[in-house]
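> next input, structure requested:
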Amino acid sequence: MSLKSWFQVARRPSIIHRAIQVSVVVGTLLVVINHLPALLHGEMTRFRLFQIGLTYVVPYCVATWSSVSALLDKERPNS
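Down below sits the predicted model:
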């Protein structure tokens, strides 16, 4: 499987939609767990905002990787 074909699968609307859903749910939970005191006390810095952004990007990437891997395994002929 080439990297180009991996990204073709990753761009499928169903994969993107699922990854966004996972990212919103998991990312929000992690932001609350890790940053709620800073949010409540107005202690937001650029670095903390960067961290919060990554808190959403990482679950998106994990969900995409998992979905693409599952689809490719399913499509792979038995060897």
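> all contacts plus neighbour counts: C-alpha atoms, from now on.
OK.
> low-confidence ranges in the chain?
1, 79 (pLDDT under 70).
> tell me which residue is most central in it.
Residue closest to the mean C-alpha point of the chain, counted by Cα atoms, centre = their mean, is Y60 at 0.9 Å.
> helix or strand for that one, which one?
helix 46-75 (DSSP states H and E).
> what's that helix packed up against?
Where contact means 3 or more Cα pairs under 8 Å, 6 or more residues apart in numbering; DSSP states H and E, helix 46-75 is packed against helix 3-10, helix 13-40.
> check contacts around the residue nearest to the centre of the chain.
A19, I20, V22, S23 (Cα atoms under 8 Å, 6 or more residues apart in numbering).
> thought the third one was touching V62?
Going back to what we said before, that points to V22. No: using Cα atoms under 8 Å, V22 is not in contact with V62; the gap is 9.1 Å.
> neighbour count winner among those two?
V22 (19 against 14; other Cα atoms under 10 Å).
> so what's that one up against?
So V22 contacts P59, Y60, A63 (Cα under 8 Å, 6+ apart).
> including distance to F47, could these go into JSON lines?
Shown next, in JSON lines, are these (distance: Cα to Cα, whole Å):
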{"residue": "P59", "distance to F47": "19"}
{"residue": "Y60", "distance to F47": "20"}
{"residue": "A63", "distance to F47": "25"}
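> which of the residues you listed lies closest to I15?
Taking Cα to Cα as the measure, I15 lies nearest A63 of these, at 8.3 Å.
> give the closest residue to the closest one in space, chain neighbours not counted.
Nearest residue to A63, sequence neighbours excluded (Cα to Cα, 6 or more residues apart in numbering): A19, at 5.0 Å.
> what kind of secondary structure is P77 in?
coil (DSSP: H, G, I helix; E, B strand; the rest coil).
> how many other residues sit next to it?
7.
> please apply the same query to F50.
10.
> I'd like the distance between it and V31.
Relative to V31, F50 is positioned 12 Å away (Cα to Cα, to the nearest Å).
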